[in-house]
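A.B. asks: Fold the following, please.
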Amino acid sequence: MAMGFRPVLLGFGLLVFLGVAIPTKYVSAGSIACYAAFFLGTVFMGLTGQFHMTQALLIETDILAFCMMALCWWQHRHNIVRLMNGTERKTSLFHKKTQ
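C.D. replies: Down below sits the predicted model:
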């Protein structure tokens, strides 16, 4: 089976996203971390032989995963600046609202 749909990568990415977004309340930080986890997970799964691909296809897969991560970071570049400056808006999605 080629890379296809890998529930392990999906679950790993979701755990990383929630593990960053819930405590910090920054969805953009969770998204950035999720794509980094996707890239690292793809490389790890390729190195451990879980994709059952030739070396050339693994390299292409890793390059594609890196490009996806880089595009995500590029799209979030303004959010990254706001995170570093402490001006990024926090989400209220993960905490109880008081009335």
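A.B. asks: Could you give the separation of the helix or strand of the chain with the lowest mean pLDDT from the chain centroid?
C.D. replies: In the chain, the helix or strand scored least confidently by mean pLDDT, DSSP states H and E is helix 7-24, which has a mean of 91. Helix 7-24 sits 8 Å away from the centroid of its parent chain (CA atoms, centre = their mean, to the nearest Å).
A.B. asks: From the contact counts, what lies against the helix or strand following it?
C.D. replies: Beyond helix 7-24 on the C-terminal side, the first helix or strand identified by DSSP states H and E is helix 27-47. Where contact means 3 or more CB pairs under 8 Å, 6 or more residues apart in numbering; DSSP states H and E, helix 27-47 is packed against helix 7-24, helix 55-75, helix 77-85. Glycine gets a C-beta too; all of them are placed from N, C-alpha and C.
A.B. asks: And the contacts of helix 27-47?
C.D. replies: 3, 6, 8-9, 12-14, 16-21, 24, 51, 53, 58, 61-62, 65-66, 68-69, 72-73, 76, 79-80, 83, 88, 91, 93 (CB atoms under 8 Å, 6 or more residues apart in numbering).
A.B. asks: next one: stretch 82-96
C.D. replies: 21, 22, 24, 25, 26, 27, 28, 29, 79.
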